[in-house]
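Colleague: Give me the fold of what follows.
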Amino acid sequence: MSFYTSLTGLNSATAQLAVTSNNIANVGTSGFKRSRANFGDIFSTSPLQKASGQIGQGVALKQVSQEFSQGNVSTSGNSLDLAITGDGFFPLKSPDGLQDIYTRNGSFTLNDQNNVVNSTGQRLMAASVDSSGKADLTNLAALTIPPKTSGQAIETTKIQLGLNLPADSQVITADFDRTNPATYNKSTALTVYDSGGNGYLATVYYVKTQNASQGQALPQSKWQTYFYVGDTLVKPALLQAQDAFGSAFYINKYGDVLPKSDPRVIPSSGTVEMYSLDDQTTKKTSTSASVTGGAYSATALSTAVGNAAAGTATITMDVTEGTNTYSVTYNLTDADRYPDALAKNVEDAINEKLASKGDDSRIKISWDSGTSQFVFANKTGTTTVKQNGSSNTLVADLKTKQNTAFTYGPKLDFTINIDEMGSSYAISYGMLKSDSDPVTLAKNLEIFVNNELGKSSNADPRYGVKVTFEADTNSFKFASGTTGDNSSIVVGGANANSQSILGLPNPTGTTKELRVDPNLDKAERGKVSTPAVLTGEVITSNTTGSVRVSSTNKDFFVTVGNISGNVEVPPATYPSMDKFAAALQDSINSLVDTTTGRKVSGVTVGWDSTSKRLNFSTGETGEAVSLQVSGSPDWGLANTEMTYGATSQWIELKQFTQNGVPQYVKNGQQTEDMTDLSGKTEWWPVYLDRGELSFDLTGKPLSPLTKMPFETAFLAGGKGALTMSIDFTQSTQYSSAFAVLSQSQDGAPEGELMGLDIGVDGLVSATYSNGSQTSLGKIVLANFSSPTGLRQVGDASYLASATSGSAKIGEAGSAGFGSIRAGATERSNVDLTQELVDLITAQRNFQANAKAIETSSTMTQAIVNIRS
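Modeller: The predicted model follows:
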């Protein structure tokens, strides 16, 4: 029996030697796991045998198992080389797709189908991922690395060009010809792509068409662009002007351009007239509504004036101050037909006499239109006034003289309605000797009409009416005091004198009146002009509650147009600044031109409690109107300057034409068809000239302030079409040389594989030459309940078995799974020193067992020899 026992030892030593030799042979195999021979003794017994006396019958090889300890990781130059650090196996699929295989050998390459495979063609399995990189472990497929993208080509729709166009470039007037460099200043080129990723050379040519000059409404330089794709000219599309915030511009009938974001803009709809922003250059000055009578009769005027006489009345007054009495004589003039002028002229005559005698006393005479009476008051002293030595008769005499001193000729009677007054105003003008010529008559009639219409007692006063004699047409012209299409005038109800002298129509005839109504649809007269506005300085004193006007701050010097003079606010305590402002307003509007009799009217005075300033505004409008109010620093009026009104200007709209044909816009497209033309339109879209760039004097872009769209470009050979826009908003026009500051486009061709990145979690990302980055999948790992139960199939690969259990799939780096390192491989975990020791051990075991057999053989031979 010992012979056979030793024989099992020889077999075991041989097996151990074989396992060790295999380990040593695979010391350079990537992912190889060393094998270990497990032995068990052979022991046989029976129930009848004495257990304590039994001898073993040798040894037997029970199992050859693998040790799945971590091997060293070594780097490589292949990004598809993978190493697992920790637990897990790469899941593979056999070439026929029928068998699942697992390995730690991460040496992979690409096959002709761009699958990631090992040296035997087994394909590496990976999970699909979503946009966040999360793996779908239920959906495993062979990992594929496409050498180029498919379906990722992007059609070019937007081009960005930031250029510097030299400010000193010459304007070119020759017709553009891209084959002739003399017909353009500069050009740029870039590649654009269609939806299939095919590239086309796109070229933009730049032609300077205008330099900025002082004569322009808005000084600007202009460049015309020409855009070609290959040999195809791409026409610029219609582009509505926009502001820097992208709000589209609209234009009204006066040429006012406002963005859609402005609440005043009500965009039009349907078919509308087309207007180009650059075409709107015809400026006009706003005018008033006016009517012109027929030819006047010089004979009728001469006859009428012949029956008139100049004012020649004389008023003689005794002025008593204390014990002194002075005689004052005043001769009336034509201006004294107006009681305000008479009161002021008599007041001045009396005060001049007192001043000439060295007397400091002064009086105040005014006309109260409410009671139709002259009012006397002492400004200083205790002066009394008597007429011709009799007391208390001057007031009555002034009124009598004012009514009887003038011999009027036939009256000019007519009615006038300005700017839709509540009702027409009846004018009855008595002519004087001074009205002998039409120019003077017009001037005097204008004063009379304005004094009548501007009365503070009128419920609906009007100011600034103009009456002129037009020598070229030999007629009288009446005009409203306000400008713009909302102004209106109606003159009618003329008597016979007004018909013959002023040329007004017979109220019983076919044309009963001269009329100009407001025009709300079409621009003819423009916009409302602005008055002269004056704002005082900040009042630093206390303005809350009552305010006191004293002898030191009651006086003001006022100029309104051609009328200047001193006014005063009666000294008193006023309950508020608003009441004081009203008193100052009344005083200003009592100012009269003593030479012509024209009275100031329509001036308003307001108090701004927030800014603590007095505000003044004239009733008349236009650039001929002026205003200045000077007074005490108490009222913030010590340093005021003359202010002026402004006559508004407007732009006469010019509809865009093409080949002489008016153009319209329908559904955003240019057309000659005016069908469905919008009815009443207040705001029209306004467009830029197609393909034009403009810059201001500082070199900054004026237009377009958004991308420039182009019509669809149809590619040669039926390859499709491109619809693009170019953004020039970063361009400049400085004195430096031409330069491309920035250039980009949003299209892209199909990309070639440029790089591959595999993360520690197994996420595979590919980078392509078109700039796209794509997640191709996530390499997963497999693990087993008992890895030592796996069945080896060569090439450091294994199959699952009943002992190992089924594979569990998981993401690298998660619980129970190691991480993945790309560009590296896991070396064999064989320890060569240990294997050499095991080899010696196996040798000694073999020698010892052989010796045992030899000894057994010797003993057997001795027994045989005994029998011999």
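Colleague: From now on I want contacts and neighbour counts done on CA atoms only, so please keep to that.
Modeller: Fine.
Colleague: how far away is Val207 from Glu273?
Modeller: Going from Val207 to Glu273 by C-alpha to C-alpha, to the nearest Å gives 29 Å.
Colleague: of those two, who's got more company?
Modeller: Neighbours were counted for Val207 and for Glu273 using other C-alpha atoms under 10 Å; Val207 has more, 26 against 22.
Colleague: so that one is in which element?
Modeller: Val207 belongs to strand 199-210 when assigned by DSSP states H and E.
Colleague: Tell me which residue is most central in the chain.
Modeller: Phe245 (0.4 Å; C-alpha atoms, centre = their mean).
Colleague: and the closest residue to Gly121 other than its chain neighbours, backbone torsions?
Modeller: Spatially, and ignoring its direct neighbours in sequence, Gly121 is nearest to Pro95 (5.9 Å; C-alpha to C-alpha, 6 or more residues apart in numbering). Per-residue torsions, Pro95: phi -60, psi -30 (degrees, to the nearest 10).
Colleague: Enumerate every residue touching Pro95.
Modeller: Residues counted as contacts of Pro95 (C-alpha atoms under 8 Å, 6 or more residues apart in numbering) are 121-123.
Colleague: Show me where the chain has its helices.
Modeller: Applying DSSP state H to the chain gives helices spanning 2-25, 298-306, 339-356, 394-404, 438-453, 496-501, 577-588, 832-867.
Colleague: just to revisit the earlier point, ok, and the most crowded of the contacts of Pro95?
Modeller: Arg123 (28 neighbours).
Colleague: Pretty sure that one sits against Leu143.
Modeller: Yes - between Arg123 and Leu143 there is a contact under C-alpha atoms under 8 Å: 7.4 Å.
Colleague: hang on, the earlier thing: minimum distance to Phe32: which of the helices of the chain has it?
Modeller: Comparing those by their distance to Phe32 (C-alpha to C-alpha), the top pick is helix 2-25, with 8.7 Å.
Colleague: Flag every buried residue along the closest one.
Modeller: Residues of helix 2-25 classed as buried: 2-3, 5-17, 19-21, 23-24 (neighbour count, 16 or more other C-alpha atoms under 10 Å).
Colleague: The residue lying closest to Gln402 once chain neighbours are set aside: neighbour count?
Modeller: For Gln402, ignoring the flanking residues on the chain, the nearest one in space by C-alpha to C-alpha, 6+ apart is Arg337 at 6.1 Å. Applying other C-alpha under 10 Å, we find 22 residues neighbouring Arg337.
Colleague: who's in contact with Arg337?
Modeller: Applying C-alpha under 8 Å, 6+ apart, we find Arg337 in contact with 402-403, 406, 597.
Colleague: Adding distance to Arg104 as columns, could you present these in JSON lines?
Modeller: Converted to JSON lines, the contacts of Arg337 look like this (distance: C-alpha to C-alpha, whole Å):
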{"residue": "Gln402", "distance to Arg104": "127"}
{"residue": "Asn403", "distance to Arg104": "128"}
{"residue": "Phe406", "distance to Arg104": "129"}
{"residue": "Gly597", "distance to Arg104": "116"}
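Colleague: Do you know the pLDDT at the residue nearest to Trp683 when sequence neighbours are not counted?
Modeller: The spatially closest residue to Trp683, leaving aside those adjacent along the chain, is Asn252, at 4.6 Å (C-alpha to C-alpha, 6+ apart). On the pLDDT scale, Asn252 is placed at 93.
Colleague: how far away is Asn252 from Asp243?
Modeller: Distance, Asn252 to Asp243, using C-alpha to C-alpha: 16 Å.
Colleague: Quickly list the domain ranges of the chain.
Modeller: The chain resolves into domains spanning 2-68+830-867, 73-150+752-824, 158-239+688-745, 288-307+408-516, 314-404, 531-650 when parsed by automatic domain parsing.
Colleague: got the ones you listed as a markdown table, with mean pLDDT and distance to Gly668 columns?
Modeller: Shown next, in a markdown table, are those (pLDDT from 0 to 100; distance: least, C-alpha to C-alpha, whole Å):
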| stretch | mean pLDDT | distance to Gly668 |
| --- | --- | --- |
| domain 2-68+830-867 | 77 | 69 |
| domain 73-150+752-824 | 91 | 35 |
| domain 158-239+688-745 | 93 | 8 |
| domain 288-307+408-516 | 92 | 30 |
| domain 314-404 | 77 | 63 |
| domain 531-650 | 95 | 27 |
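Colleague: Reformat those as JSON lines; add distance to Gln663.
Modeller: Conversion of these to JSON lines gives the following (distance: least, C-alpha to C-alpha, whole Å):
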{"stretch": "domain 2-68+830-867", "distance to Gln663": "79"}
{"stretch": "domain 73-150+752-824", "distance to Gln663": "44"}
{"stretch": "domain 158-239+688-745", "distance to Gln663": "12"}
{"stretch": "domain 288-307+408-516", "distance to Gln663": "26"}
{"stretch": "domain 314-404", "distance to Gln663": "59"}
{"stretch": "domain 531-650", "distance to Gln663": "23"}
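Colleague: Good, we can wrap up now.
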